[in-house]
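Participant: only geometry, no sequence info:
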DNA sequence: GTCTATATATCGATAGAC
DNA sequence: GTCTATCGATATATAGAC
């Protein structure tokens, strides 16, 4: 900080990242221009390319700075549950709570920006942009490996593909839970917005109910046959 | 068809809609240009504005042409279940199967383009574009009213907000189910892509398990308190 | 590290000939 | 109804002064 000519210095990067995170969440990647970002961050238009190199690199950094911490905390929660089990197999509900509890903790952080980020993250799993998906998959590789391994051990009699799909379904439910009423308001005005603290127990009950549901029959009936049966 | 100068006539509209639906699904609305659409549809660039008026109007028509039929079929499935119940209250599982069964039927239609559309639709619930969300909410109003009313009657002892949230979670799980492995491949190469017919029973088991899950406690504990309890 | 000015490309939309 | 040509706005990115 002893040089000349850097009126805002290290704050500039963080201000750009905060503005980008917020605008990406509200408008999407493509609809958010560099001018919108630098305008909201109150920095010069050229600052984004100076600090990050390109818009795509900025997108990556918006995810990386939060995801590193989020996944570290998810792994820490899993390891804490494993230590508490003292070598015994983990209950599936403990594994689910480790993963989704940490996620909902971050989603509840409205001041620090975690809530904004989790809305963005939930949407980005189905984001069409190929390079964003590729980047996310790499960031998640270790966490998915660890949690899937734990669930395989906890549910040795359940086919692994069933576990994979159910975890995938749980991610979808969480994504919509976090998007909540900010997403499409199909259920207009009927949500209990006044008590967001209830969201976590609501979602967790639903997820565990889905995870523990009876396995579907092995026969792959088509839909109309299934609906007309018994 | 007795005029001059319309070499492709009524096919042009449909070809534009098909191309737009496919490209919107693959790249998103903003990243899909008119030139990409008219190029893939093999029509002139000016044809989109001639037939639809604007890009936004084209987006609306892409949804409208499929959603009208989809929601009509959903309502028909609900009415059929109600007739079969002969005045007795409907089982919640029948209601869920009416809504999501029809959805999965359309998602299984790969030749007619229904599968492409359902991927697009699932993503669009959380789409940031305001006018698209508004349009979707209007298209869904009647269906949501009818299905929510049926669920309220079927589950008179469950708080209505709980039902709303659980239906919302189910929509999220379905969205990810349909996006499937085309979305983010967190679970690399492990899905049983060879048997997509199993998806419907897989998802339906999960949804019903979640819907029937024990209700969360009324106390709104925060996450860490809940995880440390008992 | 910040800023202005600008290069270059692509966007949605439309006027007007056929 | 189709087509060419183009307008005007806006995008990302960068060169070069300070």
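Facilitator: Yep, it's here. Just so it is clear, the structure is predicted and the values come from calculations on it, not from any experiment. Numbering: from 1, shown residues only, chains lettered A, B, ... in the order given.
Participant: And chain A, what are its domain boundaries?
Facilitator: A:1-53, A:54-215 (the TED database).
Participant: Run the chain-centre distance for the shortest one.
Facilitator: What that stands for is domain A:1-53. Distance of domain A:1-53 from the chain centroid (C-alpha atoms, centre = their mean, to the nearest Å) equals 23 Å.
Participant: hang on, the earlier thing: so which of the domains of chain A is the most surrounded?
Facilitator: A comparison of the domains of chain A by mean neighbour count, using mean count of other C-beta atoms under 10 Å in any protein chain shown, puts domain A:54-215 on top with a mean of 18. (Each C-beta comes from the backbone N, C-alpha and C, glycine too.)
Participant: In a markdown table: the domains of chain A, plus mean pLDDT and distance to residue B:37.
Facilitator: Formatted as a markdown table, the domains of chain A follow (pLDDT from 0 to 100; distance: least, C-beta to C-beta, whole Å):
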| stretch | mean pLDDT | distance to residue B:37 |
| --- | --- | --- |
| domain A:1-53 | 89 | 15 |
| domain A:54-215 | 91 | 15 |
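Participant: Among those, which comes closest to residue B:70?
Facilitator: domain A:54-215 (14.0 Å; C-beta to C-beta).
Participant: Between the two ends of that closest one, how far is it?
Facilitator: 47 Å (C-alpha to C-alpha, to the nearest Å).
Participant: ditto for stretch A:148-160
Facilitator: First-to-last residue span, stretch A:148-160, C-alpha to C-alpha: 9 Å.
Participant: Ok, stretch A:117-135 next?
Facilitator: 16 Å.
Participant: And stretch A:110-119, by the same measure?
Facilitator: End-to-end for stretch A:110-119, by C-alpha to C-alpha: 11 Å.
Participant: possible to save the domains of chain A as CSV with distance to DNA strand C?
Facilitator: Formatted as CSV, these follow (distance: least, C-beta to the nearest atom of the strand, whole Å):
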stretch, distance to DNA strand C
domain A:1-53, 3
domain A:54-215, 13
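Participant: Adding distance to residue B:31, write those out as a markdown table.
Facilitator: Putting these into a markdown table (distance: least, C-beta to C-beta, whole Å) gives the following:
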| stretch | distance to residue B:31 |
| --- | --- |
| domain A:1-53 | 5 |
| domain A:54-215 | 7 |
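Participant: I'd like those domains as TSV, with distance to chain B appended.
Facilitator: What follows is those, written out as TSV (distance: least, C-beta to the nearest C-beta, whole Å):
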stretch	distance to chain B
domain A:1-53	3
domain A:54-215	2
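Participant: Out of these, which is closest to residue B:33?
Facilitator: domain A:1-53 (10.8 Å).
Participant: anything in the closest one near DNA strand D?
Facilitator: Yes: Domain A:1-53 lies within reach of DNA strand D by C-beta under 7 Å from any atom of the strand, at A:5, A:32-36, A:45-46, A:49, A:53.
Participant: Next, give me the two most distant ones among the residues you listed.
Facilitator: Of all pairs in those, the most separated under C-beta to C-beta is A:5 and A:32 at 28.5 Å.
Participant: does DNA strand D sit close to the lengthiest helix in chain A?
Facilitator: The single longest helix within chain A, with elements called by DSSP state H, is helix A:55-85. Yes: interface with DNA strand D: helix A:55-85 contributes A:55-56 (C-beta under 7 Å from any atom of the strand).
Participant: helices and strands around that helix, which ones?
Facilitator: helix A:11-27, helix A:47-52, helix A:92-107, helix A:114-124, helix A:130-154 (3 or more C-beta pairs under 8 Å, 6 or more residues apart in numbering or on different chains; DSSP states H and E).
Participant: Just want the angle from that helix to helix A:92-107.
Facilitator: 140 degrees (axes from the mean of the first three to the mean of the last three C-alpha atoms, to 10 degrees).
Participant: Okay, angle between helix A:55-85 and helix A:114-124 too, please.
Facilitator: 100 degrees.
Participant: So for residue B:15, which of the domains of chain A sits nearest?
Facilitator: domain A:54-215 (21.7 Å).
Participant: ok now the closest one, how far from the chain's centre?
Facilitator: 5 Å.
Participant: Skipping its backbone neighbours, what lies nearest residue A:120 in space?
Facilitator: residue A:25 (4.3 Å; C-beta to C-beta, 6 or more residues apart in numbering or on different chains).
Participant: Please report the distance of that neighbour from residue A:31.
Facilitator: Here residue A:25 is placed at a distance of 11 Å from residue A:31 (C-beta to C-beta, to the nearest Å).
Participant: quick one: common contacting residues for the two?
Facilitator: residue B:128 (C-beta atoms under 8 Å, 6 or more residues apart in numbering or on different chains).
Participant: Is residue A:88 in a helix, a strand, or coil?
Facilitator: coil (DSSP: H, G, I helix; E, B strand; the rest coil).
Participant: Three-state assignment for residue A:199, please.
Facilitator: helix.
Participant: name the element the residue nearest to it when sequence neighbours are not counted belongs to?
Facilitator: The shortest distance from residue A:199 to any non-neighbouring residue, by C-beta to C-beta, 6+ apart, is to residue A:177 (6.1 Å). If you go by DSSP states H and E, residue A:177 is part of helix A:160-179.
Participant: tell me the contacts of the residue lying closest to residue A:116 once chain neighbours are set aside?
Facilitator: Excluding its sequence neighbours, the residue lying closest to residue A:116 (C-beta to C-beta, 6+ apart) is residue A:25, at 5.1 Å. When contacts are counted by C-beta under 8 Å, 6+ apart, residue A:25 touches A:116-117, A:119-120, A:123, B:128.
Participant: Take those residues and lay them out in CSV including distance to residue B:144.
Facilitator: Putting these into CSV (distance: C-beta to C-beta, whole Å) gives the following:
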residue, distance to residue B:144
A:116, 27
A:117, 29
A:119, 22
A:120, 26
A:123, 21
B:128, 21
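Participant: Please report the distance of the residue nearest to residue A:120 from residue A:208.
Facilitator: For residue A:25, the distance to residue A:208 - C-beta to C-beta - is 28 Å.
Participant: next one: residue A:197
Facilitator: 19 Å.
Participant: coming back round to it: nearest to residue B:91 among the residues of domain A:1-53 next to DNA strand D?
Facilitator: Nearest to residue B:91 among the residues of domain A:1-53 next to DNA strand D, with distances taken as C-beta to C-beta, is residue A:32, at 46.0 Å.
Participant: Could you pull up phi and psi at the closest one?
Facilitator: With angles defined as degrees, to the nearest 10, residue A:32 sits at phi -100, psi 120.
Participant: isn't it right up against residue A:24?
Facilitator: Yes: with contact defined as C-beta atoms under 8 Å, residue A:32 reaches residue A:24; the gap is 5.6 Å.
Participant: residues touching residue A:146, list them.
Facilitator: A:75, A:78.
Participant: And residue A:116, by the same measure?
Facilitator: Here residue A:116 is in contact with A:21-22, A:25 (C-beta under 8 Å, 6+ apart).
Participant: All set now, cheers.
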